[in-house]
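[1] any chance you can model this:
(one chain, ligands or ions: 3)
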Amino acid sequence: MEYRISTALISRPMSGLFDYIVDAPVEPLPGARVKVPFGTTQDNIAVLVRTAQPGQTAALERLELKSGELLDDLELIPPDVFALCQYAAEYYHYPLGQCFFTALPSLLREGRAAAFKESPALTLSVKGRAADAELPAELKNAGQRQLFTLLKQHGAPIFKQELRDRGFTSYALAALVKRGLAEEVMQSTADAHTWQEDSRPVLKHAALNLNSEQQEAANAVCAALGTAQNFLLYGITGSGKTEVYLHIIAKVLERGQAALVLVPEIALTPQTVERFYQRFNAPVILMHSALSPSERLNAWLTMKTGKGAVLIGTRSALFTPIPHLGLIVLDEEHDSSFKQGDGLRYHARTLAQQRAALNSCPLVLGSATPSLETLQEVMSGKTVLLQLTRRAGAAQLPEIVLIDQRAEPLTLGVQTGIGITLENEIGIETVKGNQVMLFLNRRGYAHQLICHHCGKVITCPHCDTPLTVHRSDNRLLCHICDSAFPLPRTCPHCGSAELLENGYGTEQVEHYLKLRYPDVIVDRLDRDAVKTKADLDVKLAHMRAGQTRILAGTQMVAKGHDFPGVTLVGILDLDAGLFSDDFRALEFTAQLLTQVAGRAGRAERPGRVLIQTHHPEHPLLQLLIQPQTSYLTVAQQLLALRAQRLLPPVSAQAFLLSNSSVREKAHAFLSELMEGLKPHLPEFPGLNCGPVISDKIEKRRNRYHFHVQVLSRDRNELSAFLTLAQRRADIMGRRTDVRFACDVDPLFMY
Ligand code: ADP
Ligand code: ZN
Ligand code: ZN
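    Ligands and ions are numbered 1, 2, ... in the order given. Next comes the predicted model:
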C-alpha cells in the first residue's frame, strides 16, 4: 500500500518537514528511516515524523510527490526518544532532523541496516578449559591471570572491547591466545535473550552495608521509583556516591527495569566500570567515544532490543533507546563535558530531566561541586537534596594554604611555575614516600614564542591566537584548530633568530621537576600526554600503584580519580580564573579548587593543598581557605551574586551566532537580523539584547565569528524570541558562506 509521509532530513541543516510517498505492507511508524531524493542527490536519509491516512493521498498529490524507500520495517527511534528529539529541537531551536542525527549511531545515519555486527570476542580454548589447576602455572603476569580467571568464571565469550574497557591490555589478550589458553571468536549479540529472562539473582555478591546517610539517600530515591522526581546527591569525592547508585540500580533491576548512567568521558576508568561488572549478573553495556562505529551500533542495538540492563555512557548515550527505563544517573553533573559545543548544543542534564519526565523515572544528579543551575533547582524545590557529609574510611579533609607569589624570590622554578615554598614541600613529601599532584590549566611547554627583535608573537595563520611551543615533539601547536608547525629558527616577520619563549605550560613543569628531582618518577596528564584511553589507564594505574611520585597535569587530574597516597596538591596558577570576564569563571574556579583539593589525603594520611597566587586577598580564595567553608557556602554566595545581576541560572541566556570566511558577511548578517527584529522588541519587555560584537577569538579555523547575547528572566519569552529570530534568519535566506546558529544555555562566553 502507498502512504504519504512527512519526514525530517537528518543530514542537512533544514528545518521543516518534507513529504514523500512510500510503499509499505503496513502503515509505517514514526521513527523509521526513509531514503529520499532531495535536491540533486538521491540517497538522503530522513526520519519519518508522521503518516497521512492512505485515503488522504489524492491522485493529484501523488503526481507531485516523489517516492522514498522505507529502510526500517518498524520504528527505529522509539516514542520516548522521538519525543526527546522533538523537545531538543524546540528547546535548542535546532532542526528536528539534525536532532535525530545526534541521536543515531553513525552507521544508522548513513543508512546502514539496524542489524548487529559480529565483533571479536575472547573465550577459553579447549586447552584453557581443560587446565585443571585454577590457574595454569605458566601464567606469571597478574593481568593475564586475572583475565584467565574472568574468562573461566564467565564461561561464554566476552567482547574484546569490553575486556579493554575493563582494564585488560591488548598485550594480556594476545598473550593468552599465544599460549593456546584462549581463542578469538567472532560473536554477535543478535541471538541473546533479554536480560529479564535470566533467572540468576540481580546481584553477584551481597552489596556493602551502606552507612546511615547513604541508606537514607538510597531509600529516598527508591521510594520515588516510577516517578520523574529529580535528586541531587551532594557528597564530597569518596563519600560513597557510586555505592549509592549501585544500590538504587540493584532495586531498579529487581523491578525488571533498566538503568542509564551518564558520566563525563574521563570518568569511565576500568575501576569504576569494574565495580558495575562485579556487582551485577545483569549485562552492563558501555558507550564512549573510543568505540568503533560498529561497536557503537552494537551497544545501541543491545540496549534497544532489551539485551542490556545497565548502560554506562557519555553525553550522547542519553539518546539510546532503552525499554523499561527505570532510572537515570548523571554523575559529576557539574562537568562541562555534558554540554555539546557544536551542532545540537545540548546539555545532557537538561535533556536527562526531560527523558526522566517522558519515562516517569527518577533522575539522580551526583556531584561534590554541584552547578549553580542544579542548586537553583534545589532552592526552588524542584530537586530534592540528598547529602553525604562523611568520607568513607578515616580520610580527613585537606588543609588549604595560600602562597603569596609576590613574596617569593624569583627563582628558576618560579619561571616554570613552581615557587620555592612549593618546591620545598614537594621535596619533603616525596622523601617521605608520599605522592604529589600539581595542577596547571595550560598545556604545552611555553605559552608563546615572541621575536626579541620585532616584538611580534607568532600566531596561528588560521586563528587569532598565539601558537604554543610543544618541546616533546618540537612543534608549534594551535590550541584552537590543532594545526601543527615545525619550530621556527627565525622570526617569520623579520627573520631575526632571537626568539623568546614566554609563559609555561604543563610540559615545562614536568621538565623542570625531572631536572630538580632526578630520582623521583614524574609523570604528566594532559591531552598531549594522553592520546588514547589506554594511555590514560596506564598513567592512572602507575599513579594508583604509587610508582609515579609526582603527577602534573591539566584538569584531567581533577576528575574523580582516587589516589590514596597523595598528601600534597599544588595549584600553580589560578589567577586567570579569578579575574575573567566570564561570569561563570568564579563558579568553575571554586569547583576546580574543591575537586583538585579532594584528591589530597584520601586515606589515613592527612593532605594539604597549596595554592600559588598573586592575589591572596581575593574574596573567593579567602572564603575557600576557611576550614568551616564548604563548597555549598561558596556556591550560595555566588548564586546570590548572579541573582543581583540577573544572570543565569536566575535568568535564561542564549547567544545568536554567525560566522563566515568573510568578516563583513558574518557581521552584516547578524546586524541585519537584529535590525529586522527591532520593531518586535516591544513584544519582549523582559528581554535584554546585547550588541553585535565579535567573539573573544574572532578568527577561528579561518572563519570570523560574531555574536549577540540575549538574556531574559522568563525562559518562555527568550524561547519565543529565538523562534522569531530563527524564522527571520530563514526568511533572510541562505547566504553563501554565512552560518547562523543559536546556543541556548551556553556554558562559556563567546
Ligand atoms: P564517590 O563516588 O562519592 O567518590 P565511592 O562510592 O567511590 O565514592 O566510595 C569511595 C570508596 O569508599 C570506595 O572505595 C568504596 O568502595 C568505599 N565505600 C563506599 N561506601 C561504603 C560503605 N558503605 N562501606 C564500606 N566502604 C564503602
Ligand atoms: Zn621578528
Ligand atoms: Zn589555529
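[2] which secondary element of this structure has the worst mean pLDDT?
    Evaluated with mean pLDDT, DSSP states H and E, the helix-and-strand set of the chain has its lowest mean pLDDT in helix 59-64, which scores a mean of 63.
[3] return the backbone torsion pair for the closest residue to L84 other than its chain neighbours.
    Among residues not flanking L84 along the chain, R355 sits closest, at 5.4 Å (CB to CB, 6 or more residues apart in numbering). Any C-beta I mention is one placed from the backbone N, CA and C, and that applies to glycine too. Recorded main-chain torsions at R355 are phi -60, psi -40, according to degrees, to the nearest 10.
[4] same question for E254.
    Taking degrees, to the nearest 10 as the convention, E254 sits at phi -60, psi -30.
[5] surely it meets Q196?
    No. Counting by CB atoms under 8 Å, E254 stays clear of Q196, with 10.6 Å between them.
[6] what ranges of the stretch 601-750 of the chain fall below the confidence cut-off?
    601-604 (pLDDT under 70).
[7] quick one, helices of it?
    Using DSSP state H, counting those that start in this stretch, the helices of the stretch 601-750 of the chain run over 619-625, 631-644, 663-677, 715-732.
[8] which positions within the longest one qualify as buried?
    Just to be clear, that refers to helix 715-732. Using 16 or more other CB atoms under 10 Å as the test for burial, helix 715-732 gives E717, L718, S719, A720, F721, L722, A725, Q726, A729.
[9] report pLDDT for A394.
    On pLDDT, A394 comes in at 49.
[10] scratch that, D191 is what I was asking about
    Value for D191, per-residue pLDDT: 81.
[11] roughly how far does it sit from P25?
    Applying CB to CB, to the nearest Å, the value for D191 to P25 is 26 Å.
[12] same deal with F579?
    66 Å.
[13] helix, strand or coil for the residue positioned nearest the centre of the chain?
    Centroid-nearest residue in the chain, with CA atoms, centre = their mean: S337, separated by 3.1 Å. Following DSSP: H, G, I helix; E, B strand; the rest coil, S337 is assigned to helix.
[14] tell me the domain boundaries of the chain?
    Domain assignment for the chain, taken from automatic domain parsing, gives 2-109, 119-187, 195-388, 399-443+505-641, 446-503, 652-744.
[15] SS state for V329?
    V329 - assigned by three-state DSSP - is strand.
[16] show me the contacts for it.
    By CB atoms under 8 Å, 6 or more residues apart in numbering, the contact list for V329 reads Y245, I248, I249, A259, L260, V261, L262, L363, V364, G366.
[17] so N44 makes contact with P37?
    Yes. At 7.1 Å, N44 counts as touching P37 under the criterion of CB under 8 Å.
[18] okay, the two: which has more neighbours?
    Neighbour tally, N44 and P37, criterion other CB atoms under 10 Å: the higher count belongs to N44, 21 against 14.
[19] which element is that one on?
    strand 41-51 (DSSP states H and E).
[20] ok, so what distance separates the residue nearest to L656 when sequence neighbours are not counted from K678?
    Leaving aside its chain neighbours, L656 sits nearest to V708 (4.4 Å; criterion: CB to CB, 6+ apart). V708 is 12 Å from K678, where distance means CB to CB.
[21] name the SS class of the closest residue to ligand 2 within the stretch 1-150 of the chain, please.
    Residue nearest to ligand 2 within the stretch 1-150 of the chain: P13 (42.9 Å; CB to the ion). Three-state call for P13 (three-state DSSP): coil.
[22] contacts only, for it.
    P95, Q98.
[23] with L291 instead?
    Q161, A299.
[24] cool, L225 as well?
    Counted by CB under 8 Å, 6+ apart, L225 has contacts K251, V252, R255, Q257, G326, L327, C361, P362.
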